[in-house]
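Asks: Sharing a sequence plus its predicted fold:
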Amino acid sequence: MFPNRRPQMILLFAYIFNLIGFARGSPAAQEQQSLGDGQMFNDQKPLLPSNSFTNRTHALPAFVNALDVLQSSYFEVWQGNWPNGIDWTKAVIGTYLSSALLTISTSFDALSSQKDSENLVNKYFSHLIAAYFGQDAFALRQQAYDDMLWVVLGWLESVKFINEHSTNHYSSSSSPGGDWYAQDYIPAFAHRARIFWELASQGWDTSLCSGGMIWNPYLVPYKNAITNELYISASISMYLYFPGDKNTSPFGFAGPTELAGVDAPPGRSHDPKYLAAAIEAYRWLNNSNMTDAKGLYVDGYHISGWSREQPQNRSHNTRCDARNEMVYTYNQGVLLSGQRGLYEATGARSYLEDGHKLVADVISATGWDLKHNKAPPRTNTPAKWQGLGRSGVLEEACDAPGFCSQDSQTFKGIFFHHLTIFCSVLPDHLVLPDGIFVGKELADDSKLHVKLCNRYGRWIRHNAEAAMATKDAEGRFGMWWGAPSRSGENDFDSEAELPDHAVDYRNTGVPQKWKNSEKSVPRVVDEEVREQDRKVGARDLNDRGRGRTVETQSGGVAVLRALWELTDTR
Ligand SMILES: *[C@@H]1O[C@H](CO)[C@@H](O)[C@H](O)[C@H]1NC(C)=O
Ligand SMILES: *[C@@H]1O[C@H](CO)[C@@H](O)[C@H](O)[C@H]1NC(C)=O
Ligand SMILES: *[C@@H]1O[C@H](CO)[C@@H](O)[C@H](O)[C@H]1NC(C)=O
Ligand SMILES: *[C@@H]1O[C@H](CO)[C@@H](O)[C@H](O)[C@H]1NC(C)=O
């Protein structure tokens, strides 16, 4: 079950070299040119002469600006949330707020002044606290398992941030871990993460398909990529970052062990059950044949012939054999943080290898040539759909025709958020269940990881620039990053050819046959909106459909953060 690699108790210093290596030689660094006037981030002048990031220093102000628009245009302090979001998208956006705080905390040197940096941390941390109380935890408890798992990832991210900021800025000899006041919030955030992990883990089911998480307890069984990827990522993150929890609410007792007289807290840190869950779920997903010919994760599996009248029919098929070929960007993203965490917890290189393969496959499916590291050449004909984008820009199939739902408006940001976690610098030692792992093998892994991640830099920049180009006068990002700047029915190719047997339920609604009741619920079609779009011939393609929203803004924040964090020239 654990990797065959033995931890080595010898300290080598080669890995230090690799850490330095990560900070150099990124694609962005190699082709830096000066853009002339260097504004500091707090200048009121336009931040960039263009949307070009040839000088990566401009990524930080652009990121801070996108974050500022996210919070000033879409967050309501009095409600403690982003009122136009829905529970799960708000949980994702809250996660980005914690990640943004992490980035600000580690970027003080690059920001204008210590005082301004601290003010930013205080401002957004106070929003995060408001978001904790503004989160509708009661409603989320009754939702699908994936909804619950976004909550887990979000509050673990906040715990990571508080610990990081405490260590970076408040450590002293008497309190090496830091004595920052925000430590007071860790128990609350950790408690919510644990409660939601426990609720969600009830979705693991071995009666069908020999394992895997069920997506939604209220629909016919669907074992999809997202719920399983989230379970992997949330479980391994619980193992690595959950600090323990003594709070017995809402049940008032700690569980069976306490009843049996064993003095066990309700949740302990580094509990091997989280690691075991992540390893098992990964094994199941990796063997589930859920990737397509391009190496991308399709959406998921139904069980053919499953009948809601006879769910217990023993002679019935229990295999996952009816595959939904639909491909969404976020299904290629969430697994990456799981793979990264599994590597850190086990030292097994295959997790990192699987992750790099997936990233390379995604990049190729946007039309980008990773071998020569460049976008496809521009032509006079509209760019064609390549499976997950075109012209080297990540795209949802709903982007070009302009009918993305609130769900899929959140997807591309999720990809970049998890890519950022995946490609962050590996630690200098790993704490494995059977000892500390340091030395040459870790150094080699680290070196390879850095090299591969550096290769993605140019593609990330290309996508960040495409996202920047969608900003309107108020600095609000749009959904279709690759959109041509002017529209006209024939100026662009709105086709995204879907594979056979692809059901785009995220944008066109869950089909009746997936529902667990006979009652017919008519689908609300956005046809009216689309007709209106056609009539006005929307000048800005990103104003079509749902237009610019808190979700599309969060996508801009995520891709700019990836640019700043991953194409490091500091
Ligand atoms: C990048 O921009 C910053 C600030 O605008 C400037 O100080 C720096 O010299 C530039 N770096 C390069 C390599 O052009
Ligand atoms: C994997 O799924 C594809 C698409 O449903 C199918 O054609 C193929 O036979 C499956 N492969 C295996 C090994 O089950
Ligand atoms: C159980 O499933 C089998 C195979 O799908 C089917 O032939 C049979 O009619 C089912 N039995 C009942 C009682 O539904
Ligand atoms: C996942 O499966 C592939 C083969 O399909 C294999 O090469 C890889 O090592 C597996 N990953 C892990 C972590 O076991």
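Replies: Looks like it arrived, so ask away. Ligands and ions are numbered 1, 2, ... in the order given.
Asks: so does stretch 105-123 get close to ligand 1?
Replies: No: contact of stretch 105-123 with ligand 1 is not found when judged by CB under 6 Å from any ligand atom; the minimum separation is 9.7 Å. For the C-beta atoms, the positions are set from N, CA and C on the backbone; glycine is no exception.
Asks: tell me the SS of the residue in the stretch 401-550 of the chain that ligand 4 sits nearest to?
Replies: Relative to ligand 4, the nearest point of the stretch 401-550 of the chain is residue 445 (13.5 Å; CB to the nearest ligand atom). With DSSP: H, G, I helix; E, B strand; the rest coil as the basis, the three-state label of residue 445 is helix.
Asks: ok, now which ones touch it?
Replies: Residues touching residue 445, when contacts are defined by CB atoms under 8 Å, 6 or more residues apart in numbering, comprise 343, 349, 352, 426.
Asks: same thing with residue 275?
Replies: Under the criterion of CB under 8 Å, 6+ apart, the contact list for residue 275 reads 235, 236, 239, 345, 346, 433.
Asks: just to revisit the earlier point, state the distance from the residue of the stretch 401-550 of the chain closest to ligand 4 to residue 295.
Replies: With distances defined as CB to CB, to the nearest Å, the gap from residue 445 to residue 295 amounts to 22 Å.
Asks: Out of the contacts of residue 445, give me the one that has the most neighbours.
Replies: Most neighbours among the contacts of residue 445, by other CB atoms under 10 Å: residue 343, with 24 neighbours.
Asks: State the number of residues packed around residue 295.
Replies: With neighbours defined by other CB under 10 Å, the count for residue 295 comes to 15.
Asks: Residue 57: how many residues sit nearby?
Replies: Neighbours around residue 57, by other CB under 10 Å: 17.
Asks: which intervals of this structure have sub-threshold pLDDT?
Replies: Per-residue confidence of the chain (counting by pLDDT under 70) places the weak regions at 1-50, 251-265, 311, 314, 486-491, 517-538, 568-570.
Asks: just the strands in it please.
Replies: Read by DSSP state E, the chain holds these strands, from start to end of the chain: 222-224, 300-302, 322-324, 389-390, 393-394, 430-432, 435-437.
Asks: Looking at these, which is nearest to residue 86?
Replies: The stretch from those with the least distance to residue 86 (CB to CB) is strand 222-224; that distance is 18.4 Å.
Asks: which neighbours does that closest one have in its sheet, and in what orientation?
Replies: Neighbouring strands of strand 222-224 in its sheet, by DSSP bridges, are strand 300-302 (antiparallel).
Asks: what's the strand it pairs with in contact with?
Replies: Contacts of strand 300-302 (CB under 8 Å, 6+ apart): 209, 215, 220-226, 288, 290, 320-324, 514.
Asks: Pull the contacting residues for the closest residue to residue 542 other than its chain neighbours.
Replies: Spatially, and ignoring its direct neighbours in sequence, residue 542 is nearest to residue 478 (2.7 Å; CB to CB, 6 or more residues apart in numbering). The neighbourhood of residue 478, defined by CB under 8 Å, 6+ apart, consists of 470, 471, 472, 540, 541, 542, 543, 547, 548, 552.
Asks: Verify the contact between the last one and residue 477 for me.
Replies: Yes: at 5.2 Å, residue 552 and residue 477 qualify as touching, with contact defined as CB atoms under 8 Å.
Asks: any common contacting residues for those two?
Replies: residue 470.
Asks: Please identify which of those two sits among more neighbours.
Replies: Set side by side, residue 552 and residue 477 show unequal neighbour counts under other CB under 10 Å, the larger going to residue 477 at 27 against 24.
Asks: out of everything not next to it in sequence, what's closest to that one?
Replies: The shortest distance from residue 477 to any residue that is not its chain neighbour, by CB to CB, 6+ apart, is 3.3 Å, and that residue is residue 556.
Asks: Count the neighbours of the one you found for me.
Replies: A count of nearby residues for residue 556, using other CB under 10 Å, gives 30.
Asks: quick one: it from ligand 1, how far?
Replies: Distance of residue 556 to ligand 1, given as CB to the nearest ligand atom, to the nearest Å: 21 Å.
Asks: List the residues that contact that residue.
Replies: For residue 556, the set of contacting residues under the criterion of CB under 8 Å, 6+ apart consists of 66, 413, 467, 468, 470, 471, 477.
Asks: Just want the most central residue of this structure.
Replies: Centroid-nearest residue in the chain, with CA atoms, centre = their mean: residue 414, separated by 3.3 Å.
Asks: Name the nearest residue to it, ignoring sequence neighbours.
Replies: Spatial nearest neighbour of residue 414, chain neighbours left out: residue 330 (4.1 Å); criterion: CB to CB, 6+ apart.
Asks: does the one you found really touch residue 411, like I thought?
Replies: Yes: look at residue 330 against residue 411 with CB under 8 Å: they come within range, at 3.9 Å.
Asks: and the chain, which residues reach ligand 4?
Replies: Counting by CB under 6 Å from any ligand atom, the residues of the chain near ligand 4 are 286, 350, 351, 354.
Asks: Share the number of residues neighbouring the second one, please.
Replies: When you say that, I think you mean residue 350. Neighbouring residues of residue 350 were enumerated by other CB under 10 Å; the total is 13.
Asks: any idea how far residue 277 is from it?
Replies: As for residue 350, its distance to residue 277 is 18 Å (criterion: CB to CB).
Asks: can you check the first one too?
Replies: From residue 286 over to residue 277 the distance is 15 Å, taken as CB to CB.
Asks: Looking at these two, which is more packed in?
Replies: Under the criterion of other CB under 10 Å, the comparison of residue 286 against residue 277 puts residue 277 first, with 21 against 17.
Asks: Could you find the closest non-adjacent residue to that one?
Replies: With CB to CB, 6+ apart as the measure, residue 235 is the residue that lies nearest to residue 277, at 4.2 Å, once sequence neighbours are left out.
Asks: contacting residues for that neighbour?
Replies: Residue 235 sits in contact with 197, 201, 274, 275, 277, 278, 281, where contact means CB under 8 Å, 6+ apart.
Asks: Return the subset of these lying in helices.
Replies: Restricting the contacts of residue 235 to those inside helices, with DSSP state H as the criterion, leaves 197, 274, 275, 277, 278, 281.
Asks: Show me which of these is closest to residue 155.
Replies: Set against residue 155, the nearest of these by CB to CB is residue 197 (9.9 Å).
Asks: distance of the closest residue to the closest one other than its chain neighbours from residue 410?
Replies: What sits nearest to residue 197 in space, not counting adjacent residues and going by CB to CB, 6+ apart, is residue 152, at 4.9 Å. Distance of residue 152 to residue 410, computed by CB to CB: 17 Å.
Asks: what's the answer for residue 403, then?
Replies: For residue 403, the distance to residue 410 equals 15 Å [CB to CB].
Asks: neighbour-wise, which of the two wins?
Replies: With neighbours defined as other CB under 10 Å, residue 403 and residue 410 compare such that residue 410 has more, 29 against 22.
Asks: Much appreciated, bye for now.
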